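In: heads up, no residue letters with this:
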């Protein structure tokens, strides 16, 4: 009988994993550790058309990391943000989608002069000529819809530009099955950059390491931030969500209030205080707790740092979801004595479909110079994910099976697995691994459409 149950469990696992791969239309790899899984959408297409999750002109292509499952809890899902999904729309990123720039219009960041808004060669280019968007590629100036109606000739960070040429990414050999690495580079005259991205899972820790090099002959500086399209189990942002900010009374704005809301004056944002309570504890630490569910169409943005304030923050934060799962992020390089990178701004953005802490880094790069930073994310839950063999389940079950609609199938699968020779079965399969949900792709540069 034990052998029968063991065989049934193996069949169910085989079916579950292959259904997941077949049902996901976008090229991806799913990284697994004994405690969690995360889906990394590939920054190039496979042999089938329309297989790339993101082909917009805003976010860095190697940063599409989402569908994170810890135990039976999901964060950074896709069902609450810009649905139905349009791969070519600039905002349609997922999870840890990051951008080189400050998230504003204009070729430079407001008040900072020589700090580029993630673009190189924009001001010297004429309409119809190319410029570079770091992490995206070579784009055509004046080709975006908003460009046609704006007489200022400013760069439009959130309007889709046409590509001057198709960007190229390659996959690098990985020393471990629980990590994946990408490489991308682009140049235009005396301007150029090179990016290497490595995503790795280890237990309940995800690390995302970025190496940026100036491969051109001219210096450049730019902000960088990860948008953090955060939700928990697809619950709309409201009570139960919160952020503990890596800020103190010594690092925030020099005068009251604790944060600024420029979007209100510009007419596109509403008052954060209507939907959240922002408080300062006795030790000077600052936290935000959502008090009211954000309706559709409402956008909120808070800027916690003055441009001229000397900050003591290391850009850390802890996100809380109603499902009990928390995510703590820190960037160890910001805790060192190095001044490259360092904190530029600390913003929080929120809609019904995301609660997004956005600590911004500022990067200065001379020709041939390289800088490195690492997002270190720790996932925790009140209920230990190791309970009743959850490492085994989370390692093999696709994230699709965490949805409530699969409740009975999960129960049947759990019974089959637990009735088998669990100890031996567990020891055979426990570990870290990667599931490739896409057609085989050579580790050479492949054109992106």
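Out: That came through, no problem. Values in this document were obtained by computation on a predicted structure and should not be read as measured data. Numbering: from 1, shown residues only.
In: Could you tell me the phi and psi values at residue 145?
Out: phi -60, psi -40 (degrees, to the nearest 10).
In: how close does it get to residue 156?
Out: Here the criterion is Cβ to Cβ, to the nearest Å. By it, residue 145 lies 8 Å from residue 156. The way it works is simple: take the backbone N, C-alpha and C, and place the C-beta from them, glycine included.
In: For those two, work out which one has more neighbours and name it.
Out: Neighbours were counted for residue 145 and for residue 156 using other Cβ atoms under 10 Å; residue 156 has more, 18 against 10.
In: Backbone dihedrals for the closest residue to the more buried one other than its chain neighbours, please?
Out: The shortest distance from residue 156 to any non-neighbouring residue, by Cβ to Cβ, 6 or more residues apart in numbering, is to residue 146 (4.5 Å). Reported as degrees, to the nearest 10, the phi and psi values for residue 146 are phi -70, psi -20.
In: pLDDT wise, what is residue 146 at?
Out: On pLDDT, residue 146 comes in at 93.
In: residue contacts, residue 93?
Out: 54, 56, 58, 59, 63, 64, 227, 229 (Cβ atoms under 8 Å, 6 or more residues apart in numbering).
In: and the nearest residue to residue 274 once chain neighbours are set aside, which of the three is it?
Out: The spatially closest residue to residue 274, leaving aside those adjacent along the chain, is residue 292, at 6.8 Å (Cβ to Cβ, 6+ apart). Following DSSP: H, G, I helix; E, B strand; the rest coil, we place residue 292 in the coil state.
In: which residues touch residue 292?
Out: 238, 239, 274, 275, 276.
In: shouldn't residue 188 be in contact with residue 130?
Out: Yes. Contact criterion Cβ atoms under 8 Å: residue 188 and residue 130 qualify, at 5.9 Å.
In: and for the two, which residues touch both?
Out: 121, 138.
In: which regions of the stretch 51-200 of the chain lie under the pLDDT threshold?
Out: 111-113 (pLDDT under 70).
In: What is the neighbour count of residue 295?
Out: So residue 295, with other Cβ under 10 Å, has 12 neighbours.
In: pLDDT wise, what is the residue lying closest to it once chain neighbours are set aside at?
Out: Excluding its sequence neighbours, the residue lying closest to residue 295 (Cβ to Cβ, 6+ apart) is residue 352, at 6.6 Å. Here the pLDDT value assigned to residue 352 is 97.
In: Can you name the residues that contact residue 352?
Out: 80, 236, 237, 293, 294, 295, 296, 298.
In: Which of the residues you listed fall within strands?
Out: Among the contacts of residue 352, no member falls in strands (DSSP state E).
In: Just among those residues, which is most surrounded?
Out: residue 237 (27 neighbours).
In: roughly how far apart are that residue and residue 123?
Out: In terms of Cβ to Cβ, residue 237 sits 37 Å off from residue 123.
In: for residue 349, same thing?
Out: 27 Å.
In: can you check residue 182 too?
Out: 29 Å.
In: same thing with residue 262?
Out: When residue 262 is compared with residue 123 (using Cβ to Cβ), they lie 24 Å apart.
In: OK, contacts around residue 290?
Out: 237, 238, 239, 240, 241, 242, 275, 276, 350, 355 are the contacts of residue 290 under Cβ under 8 Å, 6+ apart.
In: Sitting in strands, which of these do you find?
Out: 242, 276, 350, 355.
In: Name the nearest residue to the most centrally placed residue in the chain, sequence neighbours excluded.
Out: In the chain, the residue lying closest to the centroid (Cα atoms, centre = their mean) is residue 96, at 0.6 Å. Among residues not flanking residue 96 along the chain, residue 65 sits closest, at 4.4 Å (Cβ to Cβ, 6+ apart).
In: if I look at the one you found, how far off is residue 30?
Out: 11 Å.
In: which residues are in contact with both of the two?
Out: Joint contacts of residue 65 and residue 30 (Cβ under 8 Å, 6+ apart) are 38, 39, 40.
In: Give me the neighbour count for the last one.
Out: Using other Cβ under 10 Å, residue 40 is surrounded by 27 other residues.
In: burial of residue 59, as a residue count?
Out: 25.
In: what sits against residue 377?
Out: 205, 206, 207, 208, 327, 328, 329.
In: Would you convert the residues you listed into a markdown table that also reports pLDDT?
Out: Listed next are the contacts of residue 377 as a markdown table, based on pLDDT from 0 to 100:
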| residue | pLDDT |
| --- | --- |
| 205 | 97 |
| 206 | 98 |
| 207 | 98 |
| 208 | 98 |
| 327 | 97 |
| 328 | 97 |
| 329 | 97 |
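In: what's around residue 44, how many residues?
Out: Neighbour tally, residue 44, other Cβ under 10 Å: 24.
In: doesn't residue 183 make contact with it?
Out: No. With contact defined as Cβ under 8 Å, residue 44 does not reach residue 183; the gap is 11.0 Å.
In: tell me, what's touching the two both at once?
Out: residue 169.
In: Settle it for me: which of residue 182 and residue 123 has more neighbours?
Out: With neighbours defined as other Cβ under 10 Å, residue 182 and residue 123 compare such that residue 182 has more, 21 against 13.
In: tell me what the strand or helix carrying the more buried one is packed against?
Out: Assigned by DSSP states H and E, residue 182 belongs to strand 179-188. When contacts are defined as 3 or more Cβ pairs under 8 Å, 6 or more residues apart in numbering; DSSP states H and E, strand 179-188 packs onto strand 28-32, strand 130-133, strand 137-140, strand 168-172, strand 191-202.
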